[in-house]
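Undergrad: Make a model of this:
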Amino acid sequence: MNPIFDAIPPQEALELEQVARLIYESRENRRKVLDAVGARDEAELLVRIASGEIDEHPAYEHYLAARILADTHEAARQVVGSRLQEINSR
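TA: Below is the predicted model:
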């Protein structure tokens, strides 16, 4: 296990490590989805779809996937933040 988890009880460290992995994977997969359509972010992709610059299918599915991954990334970051705050307040 990563040494940053040494001061945290084992079960909580395992939970945080899994959530940290989710943060990493959601960020990287979002990047891959957006790279596949040549967009910097979801907003740019949606504008390009709406303007007809790129075909709606499968670009809209890429847009939805990127949004879900971004939301997952943010939710996981919030979980880690609140769990660390809870652990550090003991």
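Undergrad: Tell me the pLDDT of the residue most central in space within the chain.
TA: What sits nearest the mean C-alpha location of the chain, by CA atoms, centre = their mean, is H73, with 2.5 Å. Note for H73: predicted pLDDT of 98.
Undergrad: Mind telling me what element A43 is part of?
TA: Element membership for A43 (DSSP states H and E) is helix 42-50.
Undergrad: quick one: buried residues of the longest helix seen in the chain?
TA: The longest helix of the chain (DSSP state H) is helix 56-88. Residues of helix 56-88 classed as buried: A59, H62, Y63, A65, A66, L69, A70, T72, H73, A76, R77, V79 (neighbour count, 16 or more other CB atoms under 10 Å). C-betas here are computed from N, CA, C, even on glycine.
Undergrad: residue contacts, the third one?
TA: Residues counted as contacts of Y63 (CB atoms under 8 Å, 6 or more residues apart in numbering) are E42, L45, L46, I49.
Undergrad: Going by neighbour count, which of those residues comes out on top?
TA: Greatest neighbour count in the contacts of Y63, by other CB atoms under 10 Å, goes to L45: 23 neighbours.
Undergrad: and the closest residue to that one other than its chain neighbours, how many neighbours?
TA: The shortest distance from L45 to any non-neighbouring residue, by CB to CB, 6 or more residues apart in numbering, is to A39 (3.9 Å). Using other CB under 10 Å, A39 is surrounded by 21 other residues.
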